[in-house]
Every structure is written in C-alpha cells, then in structure tokens.
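[1] Have a look; sequence and predicted model below, questions after that.
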Amino acid sequence: MAEVEAEGKYTYECLCKAVGYEVTGAPAMACMCHCESCRVYGGAAGNVAAFPVDQVNYTKGRDTLIVYEGVPGKERMACKTCGSWVQNTLPNGLQIIPIGGLKTLSGPVLKPTMHIFTGDRGDMDMPTDELPKHEGWPV
C-alpha cells in the first residue's frame with residue numbers, strides 16, 4: 001500500500017457524542033473505497049483511511065459499540081445509540097476510519113490519494129477524478 005505522508009492528530013465523535021477516539025500519526029493509506037460493503041452501508045463509495053491499531057485510541061464509548069462481522073475477521077463497528085459508522089477492523093489489524101468524521105487537531109487534512117475496489121463499484125458509482133484506481137487492495 002502507498003503510505004500517505006501526513007503525520008497528524010485527529011479526533012472522531014459519533015453523531016450523538018457517545019463514542020469518541022483519537023488517531024495519531026500517518027495513515028497507511030487514504031482512499032475512496034468502492035467495495036460492496038462500503039456502498040451498501042453508506043450509500044456511496046467510502047472516504048476512508050487505514051491506520052495501524054496502535055494509532056487509534058478510544059476516549060469514550062468503546063464498550064457501547066455494535067459489532068457486525070459480515071466477512072470472517074472483518075468487523076464493522078457502529079454506535080448503538082445513533083448508528084454512526086465508527087470503524088472497521090481488518091484481519092491484518094488495520095483500522096478503517098471514516099475520513100469525513102475526523103476533526104484535524106494538528107497536521108494536514110486527510111484526503112484520498114487513490115480509489116480501491118473499483119471492480120466492485122456499482123453502475124452509478126463513477127469516479128471522475130484522476131486519482132489512481134485499483135481493482136482490489138493496492139500492492
């Protein structure tokens with residue numbers, strides 16, 4: 001995966017403010033994900049960043065999350081009160097974080113640098129920018 005050179009500190013809170021975490025450092029990648037899971041859950045491609053597990057630290061509400069494991073080893077987590085998507089955990093330990101929910105405390109604003117799972121995109125999901133496009137995970 002192409003590393004994003006964006007050291008920073010970010011916070012996240014769900015809509016009802018019951019769940020929160022801090023993220024520090026640079027993500028392994030920041031991208032638009034066109035996988036079926038992201039499209040069905042969010043209604044469109046997901047604007048996400050992948051961080052190693054040790055860079056994501058919950059400040060509140062971790063014990064109140066609803067966890068859904070649709071694919072063995074991949075957990076999708078949401079707030080049980082407001083339903084906000086909070087994060088995914090992949091089998092390799094990467095934490096997939098919704099970029100749109102992050103507030104920047106320091107460092108650059110995270111922006112996608114590529115599209116992934118473009119082979120899964122729906123007929124109405126048409127990337128129009130010039131970012132690199134990958135059929136699956138980038139190498």
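    Thanks, I have the structure now.
[2] rest of the way, CA atoms for contacts and neighbours
    OK.
[3] just the helices in the protein please.
    When secondary structure is read from DSSP state H, the chain shows helices at 36-42.
[4] which residue is nearest the middle of it?
    A centroid search over the chain (C-alpha atoms, centre = their mean) returns residue 97, at 2.7 Å, as the residue closest to the centre.
[5] residues in contact with that one?
    Going by C-alpha atoms under 8 Å, 6 or more residues apart in numbering, residue 97 touches 48-51, 86-88.
[6] Among those, which ones are in strands?
    Secondary structure assignment by DSSP state E places 48-51, 86-88 of those in strands.
[7] My read is that residue 67 contacts residue 74, right?
    No: in terms of C-alpha atoms under 8 Å, residue 67 does not count as a neighbour of residue 74; the distance is 9.8 Å.
[8] more crowded one of those two?
    residue 74 (18 against 15; other C-alpha atoms under 10 Å).
[9] quick one: low-confidence ranges for the chain?
    Counting by pLDDT under 70, the ranges of the chain that qualify are 1-6.
[10] try 90 this time
    1-8, 26, 31-47, 69-74, 90-93, 99-101, 103-139 (pLDDT under 90).
[11] Just the strands from it, written as ranges.
    In the chain, the segments counted as strands under DSSP E are 9-13, 20-24, 29-33, 46-51, 56-60, 65-71, 74-79, 85-89, 95-98, 102-106, 115-116.
[12] okay, those in TSV with distance to residue 129 next?
    As requested, those are arranged in TSV below (distance: least, C-alpha to C-alpha, whole Å):
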stretch	distance to residue 129
strand 9-13	26
strand 20-24	27
strand 29-33	11
strand 46-51	14
strand 56-60	30
strand 65-71	30
strand 74-79	28
strand 85-89	25
strand 95-98	20
strand 102-106	22
strand 115-116	10
